[in-house]
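Participant: Fold the following and give me the result.
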Amino acid sequence: MKHKTTAFVTTLAAVLLAGCSAAPSAADADKATAAMLKSSFQARGIATLDRLNQDEANAACMQADVAGKPLDDKVAKAIEAANMKTVKWPTDGKFIGDWKEGEKIAQSGRGLTWTDKAGDPNGGNCYNCHQISKEEISFGTLGPSLYNYGKLRGVTDPNSAGGKAIVEYTWGKLWNARAYNACSQMPRVGHMAILNQKQIQDVMALLLDPASPVNK
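Facilitator: Sure, this is the predicted structure:
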């Protein structure tokens with residue numbers, strides 16, 4: 001850890017000296033922060049350093065957040081359009097799986113840590129941000145409640161033509177939330193390969209199947 005701290009201090013000192021008595025520019029501060037992050041993490045198991053890489057959407061949203069201003073509308077629409085192109089629809093044409101399996105996935109926060117093995121199934125960690133059913137006594141509130149998700153949207157049969165729009169929207173939202181909200185904090189579970197197609201189909205069933213506890 002000592003060499004990592006030294007690397008950051010050296011970088012920060014260089015930034016400050018370059019600016020003499022003046023405060024470092026935003027670009028210099030960003031450079032120092034990036035150097036600190038890279039020197040503070042190490043690849044271990046499946047947790048590799050590519051997780052520190054920002055795509056254009058991440059960078060734009062972070063800059064807007066730091067500035068305390070909403071993202072420019074044109075930039076937001078461009079990000080949403082680009083992310084919409086990444087949405088992959090079910091290869092077998094089926095959107096709905098098994099809600100019982102979907103509930104297990106939604107209630108599991110396992111996976112993606114350095115102790116996990118590549119190829120092991122991940123959980124969806126949905127409970128950490130959403131209420132899922134009325135029986136829950138502990139859940140996150142970063143995202144809206146999902147209780148009655150399908151019922152409130154009038155989905156009585158998720159396999160019918162009448163519910164097609166909501167079914168497709170829900171799939172797209174799960175696959176890549178930034179296709180609908182440029183700076184969404186929701187994990188892009190399909191796009192980032194957090195969940196596979198079968199798992200997403202099962203979570204879809206949890207949200208939309210009338211028999212699911214979500215819709216009771």
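
Participant: Under the pLDDT cut-off, which ranges of the chain? List them.
Facilitator: 1-23, 37 (pLDDT under 70).

Participant: List the contacts of the residue nearest the centre of the chain.
Facilitator: Computing the C-alpha centroid of the chain and ranking residues by Cα atoms, centre = their mean puts P187 first, at 1.2 Å. P187 sits next to 125, 177, 194 when contact means Cβ atoms under 8 Å, 6 or more residues apart in numbering. Backbone N, C-alpha and C define where each C-beta goes, glycine included.

Participant: dump the residue contacts of Q107.
Facilitator: By Cβ under 8 Å, 6+ apart, the neighbours of Q107 are 123, 126-127, 132.

Participant: roughly how far apart are it and L206?
Facilitator: Note on Q107: its distance to L206, by Cβ to Cβ, to the nearest Å, is 10 Å.

Participant: Between the two, which contacts overlap?
Facilitator: I132.

Participant: ok so A81 is a helix residue?
Facilitator: Yes: assignment of A81 by DSSP: H, G, I helix; E, B strand; the rest coil places it within a helix.

Participant: and the gap between it and Q42?
Facilitator: A81 sits 36 Å away from Q42, going by Cβ to Cβ.

Participant: cool, and A60?
Facilitator: From A60 to Q42 the distance is 28 Å (Cβ to Cβ).

Participant: Quick check: phi and psi at the nearest residue to I166 once chain neighbours are set aside.
Facilitator: Distance criterion Cβ to Cβ, 6 or more residues apart in numbering; nearest residue to I166, sequence neighbours excluded, is R153 at 4.9 Å. Backbone torsions for R153, taken as degrees, to the nearest 10, come to phi -100, psi 10.
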